[in-house]
Each structure stands twice: as structure tokens, then as C-alpha cells.
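Participant: need the 3D shape of this:
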Amino acid sequence: MPISSTGSAIATPVESSKSAIAWGPIIGGAVAAIGISLILILFGSGLGLTMISPWSGESSSAATVGISAAIWLVVVQWLSAALGGYLTGRLRTKWAAVHTDEVFFRDTAHGFVSWAVATVFVAGFLASSLGSLASTGAQAVGSAAATAGVAGSAAAAAASDNSSSGGTGMATSYFTDALLRPQQAQARAQNDDGAATAEVSRILLNGAVQGGVPEDDKAYLATIVAARTGLSPQDARARVDAVLKRIEDAKVAAQQAADEARKAAATTALVGSLSLLVGAFISCAAAALGGRQRDEEEDLLVATRY
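Facilitator: Numbers count the residues shown, from 1 in each chain. Below you'll find the model as predicted:
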């Protein structure tokens, strides 16, 4: 201890020349966490493939796929964080002349840094895995969305027609048809099949865009159907109502399927972010545990030499 000219002692702080962070154990723990993460993610992807069936109605729903993916991501995060953090704390060298609280802080900090490094490196692969899981959910929704093909195609065609003609092409054609509808619609439908089919298509397109077919259009469609099929007016109107109901049911089914997929994706994202936070905590706790066991083992070895 230095002594001043007046004979009083002067206390000077003792600073180590070495950094408090040990990158060797951190990188080792991160590599271990990355390895176990990739193994578990690939294993989970293999299990996820069993949720998809080529047979209609046998694939898992989007909600089931999303919940299963979220649970598996939690398991992957916790196991890899625990292993990586424990190895980080256990593999470090002992810090001499360092207070116990400071050792605990350094171990937890090393565990957190190890978890962060592993998370950054595995983020790319994890993102591709989430994309694969999202595709799985989309395939589960596909059977319901396929039934809405008529309505979807109508909306797409209407949108294409609108964009190609400044947004007024389809509407203009529909109203032009409404103005020029002949009094004897049956005679026209029987004589000009192509014109009748095109006009019916435009009516359905307009109904898909507007969200419904007006009553006068339904009556006109029934007239054309009766002329083309030979059905009675009552049977023709019943067929028109049945087809329009099928279109509406298909639209509702597609909307419900899309909403279920959205909820499943949101659940997966929320649970995934929560699992990352818990994984960081587990990594810190595991590093502190590994560091304490490493120091206790060192003290035991030193004591046996006396």
C-alpha cells in the first residue's frame, strides 16, 4: 500500500488487466445452442410433415398447426438456451479476487450474451422454418379456399377489368347490359348463347364486387336459365338462388379459413417472442448454475492438495 510524505496510507483501487468477458466460453455455449436448435427444429419440421395429408379433410387445421409450431418453438428455445448457458458458465476459468456477487453477475451476463449470439446466428434458419410452418398452415386452409374459387376468380377478373379500363370497364359493361336488356330475354338467350353467357358472367362479376346480386338481376338470371335449360320459371329461380347461395357460402368459408390462419399466425408469433424472453432468462440462470458448480469443483480440488 503506498504511503504519502506525511506518513498516512493511501488506498489505491486494484484493477485487473484482463477483460471481464470471456469470449471462448460464450462462443462455445452459443455453438452448442445453435447445434441443438437446428437438430430440434429439423426434428419438429419432420413431425410437422405428418400433419399434412393429400386426402381431403384429413390434414390438420391451421390452428392446430400454429399451436403445435408455437409449443415446439418454446421447447427448442428452452432446451437450447439451458444447454448453451450451462456450458458457458461451466467452461469459463475462475475469476480470482472477485466478489461473489460480481461472479454471479458476470455468469448471468455471459449466459445472456451466449444466448444472444446463438439467437442471431439461428435467426435465418428459424425464419425459413417459420415460413415453412406458415406454408403448412396455408395448405391446411387450401381445401376451404378452393371452394371459393368461383368468387375469387370473379373478384380477380373484375379487378383486372377495372384496372385495365381505368376502374370503370366492368361497371360500364354491367350498366350497359342493364340498359339494353331486351323485353323478350328468353328469345335472345335461345338465339345467342355467347351473348347470354357473357352477360350472366358480368352480372356475377358485379355481384362479387358489390357483395350481392340485386333482385332484378336475379329475376333476369332466372329468365335466361329458363330459356337455356327448359326449366319452369319457378325452378329456374330456385336454381339461381341455390347457385348464388353456394357462392356466398364459399366466400364465408374462405373468410373463416383466412381468419383462423391469421389467429394461428398471431398466436405463434406471440408465443415465439415469449419463448425467446424465457429462453434468455433460462440461459442466464443456467450460466450462473454452471459457473457456481465450476467454482465449487475448483475449491474442492485445491482443498485436497493440502
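
Participant: so where's the stretch 1-150 of the chain shaky on pLDDT?
Facilitator: 1-18, 48-66, 125-150 (pLDDT under 70).

Participant: quick one: the strands in it?
Facilitator: Using DSSP state E, counting those that start in this stretch, no strands are found in the stretch 1-150 of the chain.

Participant: show me where it has helices.
Facilitator: For the stretch 1-150 of the chain, helices defined by DSSP state H, counting those that start in this stretch occupy the ranges 23-49, 62-91, 100-146, 149-164.

Participant: what do you get for the stretch 151-300 of the chain?
Facilitator: Applying DSSP H, counting those that start in this stretch to the stretch 151-300 of the chain gives helices spanning 169-179, 185-191, 193-210, 215-229, 233-303.

Participant: which one of those lies closest to residue 107?
Facilitator: helix 233-303 (3.6 Å; Cβ to Cβ). The way it works is simple: take the backbone N, C-alpha and C, and place the C-beta from them, glycine included.

Participant: and the angle from the closest one to helix 62-91?
Facilitator: Here helix 233-303 runs at an angle of 10 degrees relative to helix 62-91 (axes from the mean of the first three to the mean of the last three Cα atoms, to 10 degrees).

Participant: helix 233-303 - contacts with which helices or strands?
Facilitator: helix 62-91, helix 100-146, helix 149-164, helix 193-210, helix 215-229 (3 or more Cβ pairs under 8 Å, 6 or more residues apart in numbering; DSSP states H and E).

Participant: swap the cut-off to 10 Å and go again
Facilitator: Packing partners of helix 233-303 (3 or more Cβ pairs under 10 Å, 6 or more residues apart in numbering; DSSP states H and E): helix 23-49, helix 62-91, helix 100-146, helix 149-164, helix 193-210, helix 215-229.

Participant: what stretches of the stretch 151-300 of the chain score poorly on pLDDT?
Facilitator: Using pLDDT under 70, the stretch 151-300 of the chain drops low at 151-172, 174-193, 297-300.

Participant: close enough to count as contact, residue 196 and residue 228?
Facilitator: Yes: here residue 196 reaches residue 228: they are 6.8 Å apart, a contact under Cβ atoms under 10 Å.

Participant: neighbour-wise, which of the two wins?
Facilitator: residue 196 (20 against 16; other Cβ atoms under 10 Å).

Participant: isn't residue 228 up against residue 195?
Facilitator: No: at 11.9 Å, residue 228 does not count as touching residue 195 under the criterion of Cβ under 10 Å.

Participant: next up, the contacts around residue 280.
Facilitator: 77, 81, 85, 111-112, 115-116, 119 (Cβ atoms under 10 Å, 6 or more residues apart in numbering).

Participant: what does residue 214 give?
Facilitator: Neighbours of residue 214 in contact, by Cβ under 10 Å, 6+ apart: 178, 203, 206-207, 220.

Participant: and for residue 173, the neighbour number?
Facilitator: Other residues close to residue 173 by other Cβ under 10 Å number 18.

Participant: in space, what's closest to residue 229 - neighbours in sequence excluded?
Facilitator: Leaving out its chain neighbours, the residue that sits closest to residue 229 by Cβ to Cβ, 6 or more residues apart in numbering is residue 236, at 6.9 Å.

Participant: how many residues are close by the one you found?
Facilitator: 21.

Participant: do residue 44 as well
Facilitator: 18.

Participant: can you tell me how far it is from residue 237?
Facilitator: For residue 44, the distance to residue 237 equals 54 Å [Cβ to Cβ, to the nearest Å].

Participant: how many residues are close by residue 24?
Facilitator: 11.

Participant: show me the contacts for the nearest residue to it once chain neighbours are set aside.
Facilitator: Closest residue to residue 24 apart from its sequence neighbours, by Cβ to Cβ, 6+ apart: residue 91 at 7.2 Å. Contacts for residue 91 (Cβ under 10 Å, 6+ apart) come out as 22, 24-29, 32, 110, 287, 290-291, 294.

Participant: of those, which is the nearest to residue 224?
Facilitator: Taking Cβ to Cβ as the measure, residue 224 sits nearest to residue 32 out of those, at 71.6 Å.
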